[in-house]
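> what's the 3D shape of this:
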Amino acid sequence: MEFDPNRLEEALQALGLLLESRKQQAEIAVIGGGSLLLLGLIQRPTKDLDVVALVEGVRLRTAKPLPDHLVEAVRDVARAMGLAEDWLNPGPTELLDRGLPAGFMKRVTTRSFGALVVHVAHQSDQIFFKLYAAVDQGPRSKHFADLKQLAPSSAELRAAARWCVSHDPSEGFAEMLEQALAALGVDDDG
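Okay, the predicted model is just below:
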């Protein structure tokens, strides 16, 4: 089952209340389509919510693996709501290896759902992540469509491109990045 904005909010609320009832807690930073739904920036359904990091005070740490108590609670919510067991997806946490955009945590929108605190990436950071994913998956991907819907400026796309090449400096990626930027109306000025 896919999430629309209301269903995602319901799942997060259920997860936070379940954690609270078990006297547990979790704090996560999220990106991607699910987080764009939470911000009201897109309306397309999505199958999961992408966790880029676990938040511990001012420190971000990898979300792989998710803590056992969180995995168990996510599964219990999935069963109760008819969701996929991996609806909270730590896959993008690999972005931490080379670094998130500078100042990432200063720009997040923080939402509390009972004992679950969710830090939602700001639109400007989403442009970085969506450009990276769009280059990887091509101009017909949902990431490319999301990026277009965010309507980034040429300056925002150039900043995102600089971040992207710090994560994948390969020649092949650079060529695909150039093509993606051209398709988005950014002229080649180096």
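> so who does the residue lying closest to T62 once chain neighbours are set aside touch?
If the residues on either side of it in the chain are set aside, T62 comes closest to T93, at 5.0 Å by CB to CB, 6 or more residues apart in numbering. Using the backbone N, CA and C atoms, a C-beta is placed for each residue, glycine as well. Contacts for T93 were tallied using CB atoms under 8 Å, 6 or more residues apart in numbering; they are V51, V52, A53, T62, A63, K64.
> for P45, same thing?
By CB under 8 Å, 6+ apart, P45 lies in contact with E2, F3, D4.
> In ChimeraX, select just the buried ones from these.
Of the contacts of P45, the buried ones go into a single ChimeraX selection, burial set by 16 or more other CB atoms under 10 Å:
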select :3
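> In terms of distance to P139, which of the contacts of P45 ranks first?
E2 (22.5 Å; CB to CB).
> That closest one against T46, yeah?
Yes - the criterion here is CB atoms under 8 Å, and E2 meets it with T46 at 6.3 Å.
> Which helix or which strand is home to V52?
strand 49-56 (DSSP states H and E).
> where does this protein dip in pLDDT?
By pLDDT under 70, the low-scoring segments of the chain are 188-190.
> if you set the cut-off to 90 instead, what comes out?
Within the chain, the segments meeting pLDDT under 90 span 1-2, 4-5, 58, 138-139, 187-190.
> Tell me which stretches of it form strands.
26-31, 49-56, 59-61, 88-89, 109-113, 116-120 (DSSP state E).
> Mark out where each domain of this protein begins and ends.
Structurally, the chain divides into domains by automatic domain parsing as follows: 5-121, 124-183.
> so how far is the first one off the chain centroid?
Taking CA atoms, centre = their mean, to the nearest Å, one finds domain 5-121 lying 9 Å from the centre of the chain it belongs to.
> In this structure, which residue is most central in space?
I31 (1.4 Å; CA atoms, centre = their mean).
> How about the contacts made by that residue?
Going by CB under 8 Å, 6+ apart, the list of residues near I31 reads D50, V52, P92, L95, A121, D125, Q126, F129.
> who's in contact with E10?
Going by CB under 8 Å, 6+ apart, E10 touches M81.
> burial count for A182?
11 (other CB atoms under 10 Å).
> any idea how far S35 is from L18?
21 Å (CB to CB, to the nearest Å).
> In terms of neighbours, single out the busier of those two.
Neighbours were counted for S35 and for L18 using other CB under 10 Å; S35 has more, 29 against 19.
> wait, that one sits on V120?
Yes - if you go by CB under 8 Å, S35 and V120 touch, sitting 4.8 Å apart.
> still on that earlier bit, can you redo the contacts of I31 as a markdown table with distance to K142 and neighbour count?
Output for the contacts of I31, formatted as a markdown table (distance: CB to CB, whole Å; neighbours: other CB atoms under 10 Å):
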| residue | distance to K142 | neighbour count |
| --- | --- | --- |
| D50 | 12 | 24 |
| V52 | 18 | 27 |
| P92 | 14 | 20 |
| L95 | 18 | 19 |
| A121 | 17 | 27 |
| D125 | 18 | 24 |
| Q126 | 13 | 25 |
| F129 | 13 | 26 |
